[in-house]
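S.K.: Below are the sequence and a predicted model; questions follow.
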Amino acid sequence: MTHLKTLYLERNRLTGQIPDLNLASLGAFNVSYNLLNGSVPEGLRRMPASSFLGMPLCGGPLGPCPGEISPAPAPGQALAPGAHSSSSGGGGGGGGGKKLSGGAIAGIAIGSVAATLLVLGLLLLLCRRCGGKGYNAKDAAVAEMALKDKEVVGAPNGYGGYGAARAAPALAPAAAAAAPAPPSGGKKLVFLGPGPRVYDLEDLLRASAEVLGKGTFGTTYKAVLEMGPVVAVKRLKDSNLPEREFRDKIGAVASLDHPNLVPLQAFYFSKDEKLLVYEYVSMGSLSSSLHGNRGSGRTPLDWVARSGIALAAAKAIQYIHSTSPKASHGNIKSSNVLLSGPSEARVSDHGLAHLVGLAAAPTRASGYRAPEVTDLRKISQKADVYSFGVLLMELLTGKAPAHAVLNDEGVDLPRWVQSVVREEWTAEVFDVELLRDQHVEQEMMELLQLALDCAEQYPDKRPTMSEVVVRIEEIRASSLGSGERRRQQNGHETIESADRSSSMISELQAVGF
Ligand SMILES: Nc1ncnc2c1ncn2[C@@H]1O[C@H](COP(=O)(O)OP(=O)(O)OP(=O)(O)O)[C@@H](O)[C@H]1O
């Protein structure tokens, strides 16, 4: 393809050296963020440095390779007229084509050797310094993960619907920018908790990765490790915490241990990359279950499932609150409630709001955010209770907070529920999929009342999470009781009708049928 004008091959996993492409028409060329090495071939040295980012290449726009003298003189031009006019002490200057004197040749030879030694010395010095600080293979490898990005698979992209969005491979540029001096040499994955250490950073980076979604705190990947395990990896953005503080806060997150919390397995810290590795919860989030594809082939969440999920999430938040009066989750919402069984759930992202810092604290989560949280430092336990109330409303109505806007005045989910309820206690507020469970209407009303109590405007009026747990347990027990009663009633009716039919048979037999 000798007429090729544009060739963009960046962000692949091309290895080896760049072949010397003889493409005279080539005007635009880019092989950045591959796994190439060696020197930029002669035919491509006219390209800018930005064509070769993120790789340990040399030559041409990237500066001389070891042993090369910069700028590399073009053949035949080294001794071009005027080039050495000042070094012509031996009479070597003058017109082109003239032969050099022996002294000039000796001078040039000595000069070249001295320059080569100087360059080598400088390179050696640089390499020594690089020991822990220079180009970091791990950071570059971390960058590879981004190169494996695939399309978002049915994951909700925040509040704007469920369209598949392409993840921006933001990792690679960060690592490339870090190449000169990231201070993370030799860093490893730090494992937390007693779980088995069956993989390391290299395994993680070799794993096939798929973007699950982009959230407030970064991008989350599903990584399938070669040896089998599947994990969720969150690449934090905007976390500028110093390492020590980061580690302390991670330690606090890792110390939380509850069956309804998604465990943090490991983390990776470098100046430019912070990765959190979680257990992968395979049944997806409550958000995608409620608002994802509602077409055929989907099992709708019934009352038992929804009330079970509500209880599981409530228990997780209650547990976080029990660890200290100031402890809170800070980002309760349906995409952070992951389904681990038909009516079981686990809460994720605990502690992240505190880990990432205030700059990146949830702004999009306003549908769940308590009205008093104007200052993000005031994410209190009562603010969690408010968010949980909104989550309960979402479970009962099937509406996502930001989608519940009825008109341009911006009515939010709690206000909408309040207004419907104020009119009259009507079944219209409930998700149609829930209305199939007719025997639990009373309990659905009670759970809705609890949701409204949690979403009270004034924090003091909201219940504590312990109270919330108790109330949900009571409501569930009552609904399971009424379900049982109903089943028994049905059974009774069946027995009665069986009795009737047997007597009918005997009557028919009596009349000689
Ligand atoms: N451990 C996990 N297992 C399975 N899926 C997960 C896991 N952690 C997150 N996800 C899913 O990945 C997607 C992106 O999650 P992420 O936490 O990055 O963003 P979010 O929940 O949408 O927003 P936020 O960052 O505000 O919490 C979500 O759909 C979430 O449900």
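M.R.: Cool, got the structure.
S.K.: Burial check on the closest residue to the ligand within the stretch 101-250 of the chain, number of neighbours?
M.R.: For the stretch 101-250 of the chain and the ligand, the shortest gap (CB to the nearest ligand atom) falls at Gly215, measuring 2.1 Å. All C-beta atoms are positioned from the backbone trio N, CA, C, and that covers glycine. A count of nearby residues for Gly215, using other CB atoms under 10 Å, gives 25.
S.K.: Assess the claim that it and Ala353 are in contact.
M.R.: No - shown here, Gly215 and Ala353 do not form a contact pair, counting by CB atoms under 8 Å, at 11.4 Å.
S.K.: got the domain boundaries for the chain?
M.R.: What the record gives for the chain is the domain set 1-61, 140-478, from automatic domain parsing.
S.K.: Turn those domains into JSON lines, columns for mean pLDDT.
M.R.: Conversion of these to JSON lines gives the following (pLDDT from 0 to 100):
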{"stretch": "domain 1-61", "mean pLDDT": "86"}
{"stretch": "domain 140-478", "mean pLDDT": "78"}
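S.K.: Check the ones you listed for me and report the most buried one.
M.R.: When you average the neighbours per residue for each of these (mean count of other CB atoms under 10 Å), domain 140-478 leads with a mean of 18.
S.K.: Next up, phi/psi of the residue of the stretch 101-250 of the chain closest to the ligand, please.
M.R.: Reported as degrees, to the nearest 10, the phi and psi values for Gly215 are phi -120, psi -170.
S.K.: among the domains of the chain, which is nearest Leu120?
M.R.: Nearest to Leu120, of all those, is domain 1-61, at 13.3 Å by CB to CB.
S.K.: Can you give me the end-to-end span of that closest one?
M.R.: The first residue of domain 1-61 is 25 Å away from its last residue (CA to CA, to the nearest Å).
S.K.: how far away is the nearest residue to Asn37 once chain neighbours are set aside from Lys326?
M.R.: Take Asn37 and drop its neighbours on the chain: the residue closest to it by CB to CB, 6 or more residues apart in numbering is Pro56, 5.8 Å away. Counting by CB to CB, to the nearest Å, the gap between Pro56 and Lys326 amounts to 47 Å.
S.K.: Ok, Lys214 next?
M.R.: Using CB to CB, one obtains 29 Å as the distance from Lys214 to Lys326.
S.K.: do the same with Pro401
M.R.: Applying CB to CB to Pro401 and Lys326 gives a distance of 26 Å.
S.K.: How many residues are close by Ala106?
M.R.: 12.
S.K.: Give me the mean pLDDT for the strand or helix carrying it.
M.R.: Assessed by DSSP states H and E, Ala106 sits inside helix 102-133. Along helix 102-133, the predicted local confidence has a mean pLDDT of 67.
S.K.: Spell out which parts of the chain neighbour the ligand.
M.R.: Within the chain, the positions adjacent to the ligand are 155-156, 158, 212-213, 215-217, 220, 232, 234, 262, 278-281, 285, 331, 335-336, 338, 348-349, 362, 365 by CB under 6 Å from any ligand atom.
S.K.: hmm, 8 Å instead?
M.R.: With CB under 8 Å from any ligand atom as the criterion, the chain meets the ligand at residues 155-158, 212-220, 222, 231-232, 234, 262, 278-282, 284-285, 287-288, 331, 333, 335-336, 338, 348-349, 352, 362, 364-365.
S.K.: Filter those down to the ones in helices?
M.R.: 287-288, 352 (DSSP state H).
S.K.: what's the closest of these to Pro64?
M.R.: Of all those, the one with the least separation from Pro64 (CB to CB) is Leu352, at 45.5 Å.
S.K.: quick one: that closest one from Lys234, how far?
M.R.: The span separating Leu352 from Lys234 equals 8 Å under the rule CB to CB.
S.K.: Show me whatever sits in contact with both of these two.
M.R.: Phe217 (CB atoms under 8 Å, 6 or more residues apart in numbering).
S.K.: Regarding Gln265, which helix or strand does it belong to?
M.R.: The secondary structure element spanning Gln265 is strand 264-269 (assigned by DSSP H and E).
S.K.: What strands line up against that strand, and which way round?
M.R.: The pairing partners recorded for strand 264-269 under DSSP bridges are strand 190-191 (antiparallel), strand 274-279 (antiparallel).
S.K.: closest to Ile309 out of those strands?
M.R.: Distance to Ile309, taken as CB to CB, is lowest for strand 274-279 among these, at 17.8 Å.
S.K.: Can you pull out the residues in contact with the closest one?
M.R.: Counting contacts by CB under 8 Å, 6+ apart, the residues touching strand 274-279 from outside are 142, 189, 204, 231-236, 239, 246, 250, 262-268, 348.
S.K.: Which members of these are positioned in strands?
M.R.: 231-236, 264-268 (DSSP state E).
S.K.: Identify, from those, the entry nearest to Asp384.
M.R.: Leu264 (18.8 Å).
S.K.: now the closest one: how far from Leu192?
M.R.: Here the distance between Leu264 and Leu192 works out to 6 Å (CB to CB).
S.K.: what touches both of those two?
M.R.: Taking CB under 8 Å, 6+ apart as the contact rule, the neighbours common to Leu264 and Leu192 are 250, 254.
S.K.: Kindly confirm whether my reading is correct that Ser287 touches Ser334.
M.R.: Yes - under the criterion of CB under 8 Å, Ser287 makes contact with Ser334 at 3.8 Å.
S.K.: Next, show the common contact partners of these two.
M.R.: With CB under 8 Å, 6+ apart applied, the overlap between the contact sets of Ser287 and Ser334 consists of Ala400.
S.K.: Assign a three-state SS to Gly481, would you?
M.R.: Secondary structure for Gly481, judged by DSSP: H, G, I helix; E, B strand; the rest coil, is helix.
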